[in-house]
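Asker: Have a look at this prediction, sequence included:
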Amino acid sequence: MSKSLKVLFVASEAVPLVKTGGLADVCNALPRALRELGHDVRVALPCYGLIPVEHRGQQEHMCVADVSGKRVYGALRTAVLPDTDIPVYLVEHNDYFDRPGLYGENGDDYPDNLERFSFFNLALLHGVAQTGWMPDLLHCHDWHAALIPVYLRTLGRDNPDWSSVPSLFTIHNLAYQGSFDVWQLPETGLDGVVQAYELLLHRNNLNLLKGAIRCATRLNTVSPRYAQEVQTPEYGHGLERELRARSNDLRGILNGVDYSFWHPAEDAFIPANYSLDDLSGKAVCKKALQKRVGLPPRDIPLFAMVTRMDWQKGLDLMDRALPILLENDVQFIILGTGDSMLEKAFLNRAREYPDKMRAMTEFDDGLSHLIEAGADFFVMPSYFEPSGLSQLYSLAYGTVPIVRNTGGLADSVEAVAPNQAEDDVGTGIVFEAPTVAALVQALDKAIQLYRSPDRLAAVRKTGMSRDFSWARSANKYVELYKETLVQP
């Protein structure tokens, strides 16, 4: 085996400690996969009050940070990621982190988020340096950890503990940039740094992602296609020029699937397990799903979505396509929470089609597994999708994904073309334009595929044979870490 690397993940959430989205899944699964490869990986998070007391470990060191023109004291706790041997560093400060939410409440961000996460970043650097363990590399995730590369480039330049430690910055979703009013610069502790405005100022605001893009040793996104897309005006959210300037240092690595949790042969949430060699349990799951949501148990195409209710997901397209889709003898199920307007739109559609559609605006992990197992087709008409996980789950469960050709969807789903030979059947239905007409055409292709049982079975089995394990992705990250370590 090659030399073991010491890597510190810096993020704002990780399952099972705290979670609001897919970032939390990545910051559990990827460290575990890297650990399996023999690397010394540790995870750093804020010590939120939402983390169960039994998982907060012990206070080990005092840590300090100069933010908002004052010296703020906290503590560094050491714990272990539950059900693993992965060490976790928790930065504790009750005023900042012992709150009902991670980033805000009732749909509003906390007004001191910049100060909170500036403290987390700075105090972490101070605290880790006291532990006796120092990473070879810092792997920072999204805007909550975006100031780490900036601090390394500026305040850490003359710090013997950190002056030679490189950073990799991962962009999970460029739409969330950490943008704040320019007058808040003192909250970062960088108000005495001459180049602070040059590094952070973007469109008359402080932009933490811009700072990380400027300062990180290497950059990556969570799929190869998204790494190309973010360099264009259509997907760059105003930072495309900054990303093009770093194109030689920008990579894309597709997220993986935790098959220990998402696999139909072992899934405890579904009534009948099944596998690539025996798909009979999928029909049992379909009937169980129909019964669970109150739809007639019929042998007709069953379309589904499990999604965050967000405009990014192309849900307005789906809403407008539904009256056309439901003219056919089909069923449709959607599960998800988020934007209240979108939630209401799908609840209203379900009332219009009580015998064909169900909408559940809630979080239900068990039901999401049953939907993946019981549905025939899984719809993802996203305007953009940095990586996407649901299409990977669908492939594993033999549920044919219907996706727009963007981001990680494009990198993971192979288009089923008309009259393809059986040994090259593809894995899903792919459409190009973000329009209702293109989506409706894709949905119609799915109905036609359902009417060809042998071909449908071939597509399902081809998808189930694909490997999107985290082990595959972890090996690519190791190569990127090595590149980062040798880059001047």
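Answerer: Nice, thanks for sending it over.

Asker: distance of T131 from T78?
Answerer: 7 Å (Cβ to Cβ, to the nearest Å). The C-beta positions use only the backbone N, C-alpha and C, and glycine is treated the same way.

Asker: Have a look at those two and say which one is more surrounded.
Answerer: When neighbours are counted by other Cβ atoms under 10 Å, T131 and T78 differ, and T78 comes out ahead with 18 against 14.

Asker: partners of the more buried one in the sheet?
Answerer: Beta bridges link T78 to Q58, Y89 when assigned by DSSP bridges.

Asker: Hmm, E60 and it touching each other?
Answerer: Yes - T78 lies in contact with E60 (Cβ atoms under 8 Å); the separation is 5.0 Å.

Asker: shared neighbours of these two, anything?
Answerer: T131 (Cβ atoms under 8 Å, 6 or more residues apart in numbering).

Asker: Break this protein down into its structural domains.
Answerer: Domain segmentation of the chain under automatic domain parsing yields 6-256+471-486, 280-467.

Asker: what's the closest of those domains to H263?
Answerer: Closest approach to H263 among these (Cβ to Cβ): domain 280-467, 6.1 Å.

Asker: Now find how far off-centre the closest one is within its chain.
Answerer: 19 Å (Cα atoms, centre = their mean, to the nearest Å).

Asker: end to end, how far does it reach?
Answerer: Chord length of domain 280-467, first to last residue, is 22 Å (Cα to Cα, to the nearest Å).

Asker: joint contacts of T131 and T78?
Answerer: E60, Y89.

Asker: Can you show me the strands along the stretch 101-250 of the chain?
Answerer: Taking DSSP state E, counting those that start in this stretch as the criterion, the stretch 101-250 of the chain contains strands spanning 104-105, 108-109, 137-141, 167-171, 179-181, 201-202, 205-207, 218-221, 250-252.

Asker: Buried deepest among those, which one?
Answerer: Sort the strands of the stretch 101-250 of the chain by mean neighbour count, taking mean count of other Cβ atoms under 10 Å, and strand 167-171 sits at the top with a mean of 27.

Asker: which other residues reach that strand?
Answerer: 137-142, 145-146, 148-149, 152, 209, 212-213, 215-222, 230, 386, 480-481, 484.

Asker: cool, and stretch 453-470?
Answerer: 29-30, 32-33, 254, 256-259, 275-276, 279, 282, 376, 392, 394-401, 412, 414, 416, 422, 425-428, 449-450.

Asker: How about that stretch, which residues are buried there?
Answerer: R455, L456, A458, V459, R460, T462, G463, M464, F468, S469, W470 (16 or more other Cβ atoms under 10 Å).

Asker: ok, now stretch 154-163?
Answerer: T154, L155, G156, W162.

Asker: First-to-last residue distance for it?
Answerer: End to end - Cα to Cα - stretch 154-163 spans 9 Å.

Asker: Give me the residues contacting that stretch.
Answerer: 122, 125, 129, 134, 152, 165, 189-190, 193, 195-196, 199, 215.

Asker: go again using 6 Å as the cut-off
Answerer: A129, L152, V193 (Cβ atoms under 6 Å, 6 or more residues apart in numbering).

Asker: Stretch 12-25 too?
Answerer: Counting by Cβ under 6 Å, 6+ apart, C27, N28, V43, Y48, L50, I51, H55, P82, L102, H144, H172, L389 sit against stretch 12-25.
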